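[1] Provided below are the primary sequence and the corresponding predicted coordinates.
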Amino acid sequence: MQKSRFLLASALATSSLFLLAQPAWSQDAAPQAAEDEAAGGEIVVTGSRIASPSLVSASPLQIVSDASIKSTGAANLQNVLLQNPVFGTPAVSRTNSNFGTSGVGLATVDLRNLGSARTLVLVDGRRFVSGDPNDQRVDFNTIPTPFIERVEILTGGASSIYGSDAVAGVVNVIYKKNFQGIEANAQLGVSEEGDDKTRQFNLTIGGNFAEDRGNVIAYVGYSRDGSVRSADRARSAVDQTSVGGAITGNVDDLFKITRPFFSSFAPQGRFFSAPGVTAGTFDRNGNFITGFSTNGTATRAPDGFNRSAFRTIAVPVERFLIATRANYDITPDISVFLEGTFAKSHTRSVLEPFPVSTAGTNGIFQGSGGFFPVEQRLANGTIFANPFVPAALLALLSDVDGDGLRDVSFTRRLTDIDNRGNVADRTTYRIVAGLEGKISNNWHYDAYFNYGRTDDNQTSTGQVNLANFRSALVVTQDANGNLVCADVQARAQGCVPVNVFGANKISPAAAKYIRADGNRSAFARQIDAGANISGNLLDLFGAGPIGVAAGGEYREESSAAAFDALQQAGLNGGNAIPNTSGSFDVYEGYGEVRFPILADKPFFKELTLKGAGRVSDYSTIGTVYSYNYGLEYAPSSDIRFRAVMARATRAPNVGELFQGPSQNFPTGLIDPCIGATATTSGVLGSQCRASAGVNANIAANGAFTLNQADVQGVSGFDSGNPNLKEERANTLTIGAIITPRSIDFLKNFNFTVDYSRTRIKGAIVSTPRQFILDQCFRQGNQPFCGFVVRRAGPEGANSAGSLQFINSGATNSGGVFNSSLDVTANYNKEIGGVLASASIAYTHVFKFYQVPLPGAAKDQIAGEIGAAKNRFLLTLGAKIGGLNLQYRGNYIGRSFLDDQFVLGLTDSAGNPVKARDRRASVGAKYYSDLQASFDVGDHFEFYAGVDNLFDTSPPPIISGLPGNVTGTETDAGTYDAIGRRFYSGIRLKF
């Protein structure tokens, strides 16, 4: 700890000296580089296929350079991009995927929170195979960060240029080319708590051959991010929940914590003598005791189980990558190129042992209400009692099903089997081959073939074979007096009697018999071929030649995911997930034109029109069209205006089309019937009391009441839809680029201001489950009630009337709207021998909502957790000789809980609560990162850094609140859930 304090003190001292040097900004992610002139020759900038002498774009474009990436010390590009405010909370990262059934450890990005599937990720302008079979999203674990020259981020629809998925925008990763020399680095890191141990080693080698007609670059790298356990952070070490969110429904109680809030599924078991009637459990000494107190009382220790002792905040991710690029000039006008990428990653999630029940959803004895006999009638007519059942418990049991034998039901935590978790091994291959060149000085062409494949093999642990478990629980005595399974066929198949009556009672032989680790084998494959030609036509108005581009593309996407038989049927106690497979292909053609109208005239330094169109013929949805048109107007060299209107499209992916009913266990839901009584009036009262289970619950409790098992025991199935059509988005971007070179005191500044608007029609959505509940019970919309299943009576630990299933499926019924303002400012100047730099990127969200179904009320998202209305990234830099200092500050504004959740709350007086009630919000957070590097000669650089310099804690978005990431007690995809971290390394360059 003293070492950590010393490092912190050193970092603070360095930061203070640096800040005193000059209040400066520096952030390559702002479009400064995008508006600078390219260093010789013509280039193609993201958002256009027409070559241009500069990196000017009609659409908002931001650039992240390799220097900016290095200044973060990040091994994964995702960590760099997520600090930029145009990106939203990722669907998957290593801090929000521990409970994922298939995507654990993936790294995705999401422009404007419009969804990862609506952000197109390219490498050198070409598609990259998905890292997640059945979903169209690139895993940034497969992209070698040190091999990157820069990243271009285009916001706004770009389907007319790149095809499907470019609805929110494009992230184009540009690899290094024509590199000569050797670059290597080694880096180690650790959190202040001693976990999250990181390491990375990278080597890049490049050189020319054949008298400089060719160049080859090769990269090899290894990185590992260590795990962070929930138990190692005070805020998440013990199970807890929100009083208001899970118990009272009172907005004033939202951030009041009930702790502990243990699980009633305990290792020693909880046993029931009749439906809803607890007989007892076992104490820590193995003695049977009556009753069950999940969280304990003043006179009784808790009987429940602390799941947080086993959970994970950040999953470990290990990566090994190889990348290469070669190009060779056959003639001065014809060049061939070859790109290859190989990535292998290994991740492991760890969470609490499996909770098993004989009753309820996925129960062992579902058909009998969860009860099974603890007695058997022998051949001589005597009654044989299961010797595992203590006499004290046996005396409390009775015949439930009328066969003359006593029965029992139980819930239990299987600590004597194994922890749950997924081990995922993913391998990605990508090969691109092609040729490029020029027909004349004005006409360029390229053609390519792109093949990519991801194989994803996963093993899940801690689960059981329910059929074997069922056989092992019902025991009898054979003719020799031996304890055996009662089922003769099961005995022939190796059945071993199992003892569940007390903690750690399952024998190794019984554990081996009932254990059933799951397996998933999946792949995604992409075949993509295309050709492009671009050049200049005549100069009609003396403002420059008309630029044109045209091309065609063929693409095939296929994927499949196969599960073991038990997983498919839901007979291992976990989610029932069917096999999914499918494919589609598409033929596309596009054209683009850039039409200069005026140039170098008074008040018209430049006026240029542009437009593009694409037609795509899909094997699944038929023909779709996308287009854009826009203009660029520069009255002088100091200011440029730009505007683009676009129609963007997104075709449904394989998972959305072909996924079978896949079981899910949603969290963060509020049952509208909580508190309903026999006299509750209106639609709510009548809809709730239409359920026999709700009526039984009210009769027993006076008002509809749920326990912890009910809140955590909701399930449902998500399904694909082969009849889906494309999404259609209309996007508008209007902006200005200000480079005031003619104003002396401003000449070192660059500014950009861009307004962006996206409206998606026919959005592919799975209807939100809270919306389904509210429509059924609060609005009386009967068709929605067909998606809801309540328990007719008590089942094990679950109450009568509690929610059992809420099903949902994919439809083109949604609408999405987002309007935002992006502002960037950059400054660079040498002052007294100090090269000072600064930048700020700010995003404000005006409106952001979705409409679950046509005619439904808007579900407001702007300002909610994960979609803050105000965010900015501030970067300050100072270079003094060989010393380089970089500071990054990331601001996330005040954010509110999901409005669909909040609208179901009341205040202390029983009054309904408005969606943006400040009591249902969390405060702003500001994170500071600092890095210092020092050049030693021309070949060596030493660097060290601190992330989350001031150890800013995440907001308490705890269990029972929407946005909570299980095991972290916050939204770990949006906020830093790890804490202060240190790293240091060395770079070599020859």
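    Looks like it came in fine. Numbers count the residues shown, from 1 in each chain.

[2] Show me what the host helix or strand of Asn532 is packed against.
    In this structure, Asn532 is located in strand 518-536 according to DSSP states H and E. In terms of contacts (3 or more CB pairs under 8 Å, 6 or more residues apart in numbering; DSSP states H and E), strand 518-536 is packed against strand 126-127, strand 443-461, strand 547-563, helix 565-569. The C-beta positions use only the backbone N, C-alpha and C, and glycine is treated the same way.

[3] Among the ones you listed, show me which one is buried the most.
    strand 126-127 (a mean of 22; mean count of other CB atoms under 10 Å).

[4] elements contacting the helix or strand following it?
    Once strand 126-127 ends, the next helix or strand along the chain (criterion: DSSP H and E) is strand 148-155. Judged by 3+ CB pairs under 8 Å, 6+ apart, the packing partners of strand 148-155 are strand 61-65, helix 66-70, helix 77-81, strand 169-175.

[5] Out of the ones you listed, which gets nearest to Thr974?
    Of all those, it is helix 77-81 that lies closest to Thr974, at 13.5 Å by CB to CB.

[6] What residues of the strand holding Asn532 count as buried?
    Buried residues in strand 518-536, counting neighbours by 16 or more other CB atoms under 10 Å, are found at 518, 520, 522-528, 530, 532-536.

[7] out of the residues you listed, which one sits closest to Ser928?
    Looking across the buried residues of strand 518-536 and measuring by CB to CB, the closest to Ser928 is Ala524, at 38.3 Å.

[8] dump the residue contacts of that closest one.
    Contacts for Ala524 (CB atoms under 8 Å, 6 or more residues apart in numbering) come out as 129-134, 453-454, 456, 557-559.

[9] With respect to pLDDT, which of these ranks lowest?
    Across the set of the contacts of Ala524, Asn134 stands lowest in pLDDT, at 77.

[10] Name the helix or strand for the spatially closest residue to that residue that is not a sequence neighbour, please.
    Distance criterion CB to CB, 6 or more residues apart in numbering; nearest residue to Asn134, sequence neighbours excluded, is Gly655 at 3.3 Å. Following DSSP H and E, one finds Gly655 within helix 654-658.

[11] partners of the helix or strand just after that helix in the sheet?
    Scanning forward in sequence from helix 654-658, with DSSP H and E defining helices and strands, the next element found is strand 662-664. Applying DSSP bridges to the sheet, strand 662-664 is found paired with strand 716-719 (antiparallel).

[12] C-terminal to the strand it pairs with, what's the next element?
    Sequence order places strand 727-738 as the next helix or strand after strand 716-719, per DSSP H and E.

[13] Can you mark which positions in whichever helix or strand comes after that following strand are buried?
    Elements were assigned by DSSP H and E; along the chain past strand 727-738, the next helix or strand is strand 749-766. Neighbour-count burial for strand 749-766, with 16+ other CB under 10 Å as criterion, is recorded at 749-758, 760, 762-766.

[14] So for stretch 961-973, mean pLDDT?
    Confidence for stretch 961-973, expressed as mean pLDDT, is 94.

[15] With stretch 282-290 instead?
    Here the mean pLDDT over stretch 282-290 is 95, rounded to a whole number.

[16] Helices along the stretch 251-400 of the chain, start to end?
    Under the criterion DSSP state H, counting those that start in this stretch, the stretch 251-400 of the chain contains helices at 391-394.

[17] which stretches of it aren't confidently modelled?
    Scanning the stretch 251-400 of the chain with the threshold set as pLDDT under 70 gives no residue ranges.

[18] Please name the nearest non-neighbouring residue to Leu203.
    Once flanking residues are discounted, Leu203 sits nearest to Ala184: 4.7 Å by CB to CB, 6+ apart.
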